[in-house]
Structure formats: structure tokens, C-alpha cells
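1. Here is a sequence with its predicted model. Questions after.
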Amino acid sequence: MIMKTFINAFSIAACALAFVGTARAQATVDGKWSAQFDSQIGVQKYTYDFKVDGTNLTGRAFGIRDNGTNDVAITEGTITTNGIFFVEPLKIEDNDIRIEYTGKVSGDEIKLHRKVGDFAEEDLVAKRVKEATATSGVERATADTNSPPAKP
């Protein structure tokens, strides 16, 4: 009887910890992240805008590279206590390219591994975009242009 009670209590505690870990990972991934990395086609700059709903990860991937830009919806996204996974379905010219990402969240960084079809792989680090900082900079710039000139 004591062993059964212990096993039940342990199972409940394990489930609770798993839920807390998943909830924490979800809360930390929501929002905008930026990355810059070198690839076979040159330097690429990305902004990922993640939305989390339970264990589902959605959002958009915005990319800038020498030969163009892309703005696509993220598909097949999942989030667990161990990390994240998502696909960037990219179309370049008439070619459909599946880019798979796996990653590990650590504070304001996500270490990502990117597999581009069957022909390229890159490792990159995405960093959280601080919305308050970006907004306050815009507000300051607007305030500076709208304020009356200083009196001599």
C-alpha cells in the first residue's frame, strides 16, 4: 500500500513538473527573434515571429539574403520541454524547399540547427527582440521631430 501511494505521488509530481517545464518554454518562445548567419548563398538575416498555443508553434519567418527576401508562415511547429521544431516552406523561383529547424531555448537565445532540403545545414543563434527598446526608440524619434524647436 505504501509503495502504491509513493508511485502515485511520484507520477503526479512528474506530470506537474513536465507541465511547468512546457509552460515555461512556451512563455519564453512567444515573440520576435532575430538571427544573422553565413550560408552557402551568403549572409542571411532572419526575424522569426513565434506564437505559442499549448504545444503548437506557429508564426512567420522573414528572411533577407543577397538574392531576395521571403516572408512565409511557419508550419509543423511544436514546442516541448526539450526544445522546438518548425518548418519554413520556402519557394525560390519554381523550387519548393523545405527548411527544418530544431532548437533549444536558453533565456533570450535559441540555438537553432537549420536543414535546407538535402543540400545544406547551418547552425545559428536567434536572439529575442526587445519590443520595449524598439518602441521607445521610435517614440523618442517621433517626440524629437514633433517637439518645438529649443529657444536660444
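-> Sure thing, it's come through.
2. Tell me which stretches of the chain form strands.
-> With strands called from DSSP state E, the chain shows them at 31-39, 42-53, 56-65, 68-73, 75-80, 83-92, 95-106, 109-116, 120-128.
3. Next, format those as a markdown table and append mean pLDDT and mean neighbour count.
-> Bear in mind the C-beta positions are built from the backbone N, C-alpha and C, glycine included. Shown next, in a markdown table, are the strands of the chain (pLDDT from 0 to 100; neighbours: other Cβ atoms under 10 Å):
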| stretch | mean pLDDT | mean neighbour count |
| --- | --- | --- |
| strand 31-39 | 95 | 16 |
| strand 42-53 | 95 | 16 |
| strand 56-65 | 96 | 17 |
| strand 68-73 | 93 | 12 |
| strand 75-80 | 96 | 16 |
| strand 83-92 | 94 | 17 |
| strand 95-106 | 95 | 15 |
| strand 109-116 | 96 | 18 |
| strand 120-128 | 96 | 15 |
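4. Find the residue closest to I64 in space, skipping its chain neighbours.
-> Excluding the flanking residues, the one nearest I64 by Cβ to Cβ, 6 or more residues apart in numbering is K45, at 4.6 Å.
5. residues contacting the one you found?
-> Neighbour list for K45: S34, A35, Q36, G63, I64, R65 [criterion: Cβ atoms under 8 Å, 6 or more residues apart in numbering].
6. Report the beta-bridge partner residues of G42.
-> With DSSP bridges as the criterion, G42 is bridged to S39.
7. Distance check, it against S34.
-> Here the criterion is Cβ to Cβ, to the nearest Å. By it, G42 lies 17 Å from S34.
8. now swap in I41 and tell me
-> Relative to S34, and taking Cβ to Cβ, I41 is found at 19 Å.
9. if we take the contacts of K45, which one ends up nearest to Y101?
-> Of all these, A35 has the smallest distance to Y101: 10.4 Å, by Cβ to Cβ.
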